[in-house]
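**Student:** Just the structure for this:
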Amino acid sequence: METKLLVIGLKNSNSKAFSRLFERYYPKIKAFLIATHLTHHIEDVIQETFITVWNRRETLDVTKSFDAYLFTIAKNYALKALRKEIINDLNTTVITIQDSSPTIDQLIDLPYVEQRIKSSLDKLPPQPKAVFELKRYQGMSTKEVALALGITPKTVENYMNKALNTLKKELEILTLFLIFFCS
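**Tutor:** The predicted model follows:
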């Protein structure tokens, strides 16, 4: 009966009634929140619960169970806090997983790959090899390579295409490996 009188006092904006309800229900709500496995923000949830009760005091239905009303509000805030905790834990886990993922340098034996490329280049005829090296390693343009080798720009393009096709065939296994493990 005393709770009902306090709720009526709360509905009429009696701050002393609110304080008494807070003192009476604080330990019960705290125990409830601990039982829900809420590990952080227990005090925040309790505070939000009572702020909501105070803000909605004028709409309280004194004929209904105040306990059920109060614990429903606490439960909703607890679920919201648990959701935030879970999302934060998941984000931390994702960041940890991403941080521990091997880099491409760790997955690939770069000296081996470089050796395979050099070996494949050595299989090219002299002109396509020279064109490839001048364009890719020296950074020369098609016109500059044509002038340096005394051939036409169209011939430079043809040699470059031949070199790339040969390298593509030679390094196909490495390409598949890179696509599979690095995507």
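**Student:** Report the outermost residue of this structure with respect to its centre.
**Tutor:** Using CA atoms, centre = their mean, the residue of the chain lying farthest from its centre is Gly150. It sits 54.6 Å away.
**Student:** Could you work out the end-to-end span of stretch 123-134 for me?
**Tutor:** Its start and end residues considered, stretch 123-134 measures 17 Å (CA to CA, to the nearest Å).
**Student:** which residues are contacting it?
**Tutor:** Outside stretch 123-134, the residues that touch it by CB atoms under 8 Å, 6 or more residues apart in numbering are 121-122, 140, 144-145, 148-149, 151, 156, 159-160, 162-164, 166-167, 170. For the C-beta atoms, the positions are set from N, CA and C on the backbone; glycine is no exception.
**Student:** any idea of the mean pLDDT for that stretch?
**Tutor:** Confidence over stretch 123-134, taken as the mean pLDDT, stands at 89.
**Student:** Then stretch 27-44?
**Tutor:** Mean pLDDT, stretch 27-44: 85.
**Student:** And the helices in the protein?
**Tutor:** Under the criterion DSSP state H, helices of the chain are mapped to 2-11, 15-35, 42-55, 66-100, 104-107, 110-122, 126-132, 142-149, 153-170, 172-182.
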